[in-house]
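> Task: produce atomic coordinates for the following.
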Amino acid sequence: NLKGALEFMALMPEMQVEQDDRTWVAILTACERSDDMQKAFKIFKDVPQKWRLLPQIQEVMMIICINNKDPDRAMFIFDETLARRRESKDKAVRQRRGKPIVYSERNMAKLCLQALEMAAQTGVSPDDGRSTYKDRAFRILQQMEESELLLDTDSYLKVLGICENDDDWRRASILVREMDTKGMQASPDRRKAVFLQAVHYAGQAEDYDEVWTIFTHLAEKTGGNDFALDVDLYDLISEVLREANQLVRAEKVEIAKEARYTRKFAQKIINAGKKKRWQEAIGILDEIREEGFNDNLTVHNTAMSSLEKAGEWPAALLAFENMKKRNLTPDGTTHTAIVGSMVNRLDVDKAAEWLRVMREQSVEPDKLTYAKVITRMVELAHFESALRIWDELRSRGVTPTQKTCDSVVMACQQLELWESLLEVVGLMQKWGLHQTENVTYAAEQALLALNPGLTAIPQAAEAIAE
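Sure thing, here's the model as predicted:
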């Protein structure tokens, strides 16, 4: 209610109420809210000189100018305030902590950046002809930092908007990278657009070091997945570097792209597997191809692991055949996942048979593969079969896992193969494996069976220790 505010202000002297800076701030705010710029400037001329440069009053005037699409006048107010403060003889105003103060009000600086962004969009150069709006904006950012005023994302985004409007993608890229290092972010789409344009223009200018700098910055930021490198950006950087015959750098970009997207899709498969959605996990392999990537052994093996947990060995075999059709060579991890899927479906005979298939394809089962088969055989009371696989493991020089040895000891105990049991216990000591209570008890039982002269368990324990 501007009219009411003016009438009340006129009554203040009669009421013997002294007008102060808050009075003028209130009346100017009323002008701002009623969008009456002409009235505001008329009132501003009446503001006593001692209050005219107060930041609250200057801010209101700048807001009025900006709201009325008059950025030049807003910047004039800012410059006038700045000039008069520099002329001030008050050292407390001009100096803080031994450093010259350009201005002390962060809001005024941000309003000036907003005015500069608005002015830059008109495409008209500043009246002084000495600098551009963009140069002024960068100077204000620098002066804010020097004056220890808090810089925020909004301030950077205003300067970024000026760079974008001026097609200065190199400085826009530098600005976004500086924001990244300070934990500030533009929107993902905006960041992508800035870096795509920056790489494109740097390539045209044959500034390939700048292209590489952009890539290395982004590669560092993708470590925690906070700044996802888009496939289009990878491809453009690689293309620009290849055209410049910088093949080593281009290859590094392509390797990084492959690794990045391998992690991305592998994690999606893992998440699907945790939810026991193995069909969804396999479907992600198709998604990879639809997005234009070559599915690799890592993501296939990750998908196989979800099939293993679900015990879906028929689907695992189908995925295995599909891998070969895509010219991917299954490795030990692939085969172990197939064995695990058979074991989890309690089909231990097929799992044992697959060990032979592995060797036929020149892939040696490792200790984990053997562990899956032997432990499940023992759980299912297939003791003789478990010991046959154990003999195979030993003949091939594979050092077994703790769980494998525990299971073999149990098999020997159930079949009363006491000498074999003690042999396994001795090997466990040789390999530095932990001897559980069950293993110790089985060993004591074996000693009692083989040595009738031992009449008590404590004597058997002493014999084991000896």
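
> Does residue 13 lie in a helix or a strand, and which?
According to DSSP states H and E, residue 13 maps onto no helix or strand at all.

> Run a quick neighbour tally on it.
10 (other C-beta atoms under 10 Å). Where C-beta positions appear, they are placed from N, C-alpha and C, glycine not excepted.

> The one 4 residues further on now?
The burial count assigned to residue 17 is 12, neighbours taken as other C-beta under 10 Å.

> Could you check how far it is from residue 314?
The spacing between residue 17 and residue 314, counted by C-beta to C-beta, to the nearest Å, is 91 Å.

> Residue 8 too?
86 Å.

> Pick out whichever of the two has more residues nearby.
Per other C-beta under 10 Å, whichever of residue 8 and residue 314 has more neighbours is residue 8, with 15 against 12.

> Please save the CA atoms from the helix or strand the more buried one falls within in PDB.
Mapping residue 8 onto the secondary structure by DSSP H and E places it in helix 2-11. Taking Å, rounded to 0.1, in the frame of the first residue of the first chain, the C-alpha atoms of helix 2-11 are listed here in PDB:
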ATOM      1  CA  LEU A   2       2.300   2.800  -1.300                       C
ATOM      2  CA  LYS A   3      -0.300   5.500  -0.900                       C
ATOM      3  CA  GLY A   4      -1.000   4.600   2.700                       C
ATOM      4  CA  ALA A   5       2.800   4.400   3.400                       C
ATOM      5  CA  LEU A   6       3.300   7.900   2.000                       C
ATOM      6  CA  GLU A   7       0.400   9.400   3.900                       C
ATOM      7  CA  PHE A   8       1.700   7.900   7.200                       C
ATOM      8  CA  MET A   9       5.200   9.100   6.500                       C
ATOM      9  CA  ALA A  10       3.900  12.600   6.000                       C
ATOM     10  CA  LEU A  11       2.200  12.400   9.400                       C
END
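
> which residues touch that helix?
For helix 2-11, contacts defined as C-beta atoms under 8 Å, 6 or more residues apart in numbering pick out 19, 23, 26-27, 30-31, 33-34, 36, 39.

> of those residues, closest to residue 361?
residue 33 (79.5 Å; C-beta to C-beta).

> backbone phi and psi for that closest one, please?
The phi/psi pair for residue 33 (degrees, to the nearest 10) reads phi -80, psi -20.

> State the number of residues packed around the residue lying closest to it once chain neighbours are set aside.
Nearest residue to residue 33, sequence neighbours excluded (C-beta to C-beta, 6 or more residues apart in numbering): residue 2, at 7.9 Å. Each residue near residue 2 was counted by other C-beta under 10 Å, and the total is 18.

> Could you check how far residue 2 is from residue 68?
15 Å.

> likewise residue 243?
Distance, residue 243 to residue 68, by C-beta to C-beta: 49 Å.

> quick one: which of these two has more around it?
residue 68 (16 against 11).

> Touching, that one and residue 38? I think so.
No - using C-beta atoms under 8 Å, residue 68 makes no contact with residue 38, being 9.4 Å away.

> Overlap in contacts, the two.
Joint contacts of residue 68 and residue 38 (C-beta under 8 Å, 6+ apart) do not exist.

> Now residue 208. Nearest residue, chain neighbours left out?
In space, residue 208 is closest to residue 244, 5.0 Å off (C-beta to C-beta, 6+ apart).

> Next up, the contacts around the one you found.
Shown in contact with residue 244 (C-beta under 8 Å, 6+ apart): 203, 206, 208.

> so what's the first one up against?
Applying C-beta under 8 Å, 6+ apart, we find residue 203 in contact with 211, 240, 243-244.

> Most widely separated two among those?
Pairwise over the contacts of residue 203, using C-beta to C-beta, the maximum falls at 211 and 243, 10.6 Å.

> Can you check the pLDDT for residue 99?
Note for residue 99: predicted pLDDT of 41.

> let me fix that: residue 452
75.

> And the strands in the stretch 1-150 of the chain, which stretches?
Using DSSP state E, counting those that start in this stretch, the strands of the stretch 1-150 of the chain run over 95-96, 99-100.

> Poorly predicted segments of the stretch 201-350 of the chain, please.
For the stretch 201-350 of the chain, the stretches flagged by pLDDT under 70 are 221-229, 266, 269, 272-278, 280-282, 284-295, 307-311, 313.

> other SSEs contacting the longest helix along the chain?
Longest helix of the chain, by residue count under DSSP state H: helix 247-274. Helix 247-274 sits against helix 208-221, helix 231-243, helix 278-290, helix 297-310, with contacts defined as 3 or more C-beta pairs under 8 Å, 6 or more residues apart in numbering; DSSP states H and E.

> Point out the most buried one among the ones you listed.
Comparing the helices and strands packed on helix 247-274 by mean neighbour count (mean count of other C-beta atoms under 10 Å), helix 297-310 ranks first with a mean of 23.

> Grab the CA positions of it and hand them over as CSV.
Coordinates of each C-alpha in helix 297-310 appear next as CSV, following Å, rounded to 0.1, in the frame of the first residue of the first chain:
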residue,chain,number,x,y,z
LEU,A,297,33.1,-60.4,-20.0
THR,A,298,32.7,-58.5,-16.8
VAL,A,299,29.1,-57.7,-17.1
HIS,A,300,28.3,-61.2,-18.5
ASN,A,301,30.0,-62.8,-15.5
THR,A,302,28.1,-60.4,-13.2
ALA,A,303,24.8,-61.6,-14.8
MET,A,304,26.0,-65.2,-14.4
SER,A,305,26.5,-64.7,-10.7
SER,A,306,22.8,-63.7,-10.4
LEU,A,307,21.9,-66.9,-12.1
GLU,A,308,24.2,-68.8,-9.8
LYS,A,309,22.4,-67.4,-6.7
ALA,A,310,19.0,-68.3,-8.1
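
> list the helices and strands that helix packs on?
So helix 297-310, by 3+ C-beta pairs under 8 Å, 6+ apart, packs with helix 247-274, helix 278-290, helix 313-325, helix 332-344.

> would you list the ones you listed in CSV and tack on distance to residue 296?
Listed next are the helices and strands packed on helix 297-310 as CSV, based on distance: least, C-beta to C-beta, whole Å:
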stretch, distance to residue 296
helix 247-274, 6
helix 278-290, 9
helix 313-325, 10
helix 332-344, 12
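
> closest to residue 453 out of the ones you listed?
Across the helices and strands packed on helix 297-310, closest to residue 453 is helix 332-344 (C-beta to C-beta), at 42.4 Å.

> buried set for the closest one?
333-344 (16 or more other C-beta atoms under 10 Å).

> Would you tell me which one of these comes nearest to residue 430?
Of those, the one sitting nearest to residue 430 (C-beta to C-beta) turns out to be residue 336, at 25.5 Å.

> measure the closest one to residue 357 for me?
12 Å.

> which residues do the two both contact?
With the criterion set as C-beta under 8 Å, 6+ apart, the contacts of residue 336 and residue 357 do not overlap.

> List the buried residues for stretch 253-269?
Buried residues in stretch 253-269, counting neighbours by 16+ other C-beta under 10 Å, are found at 253-254, 256-257, 260-262, 265-266, 268-269.
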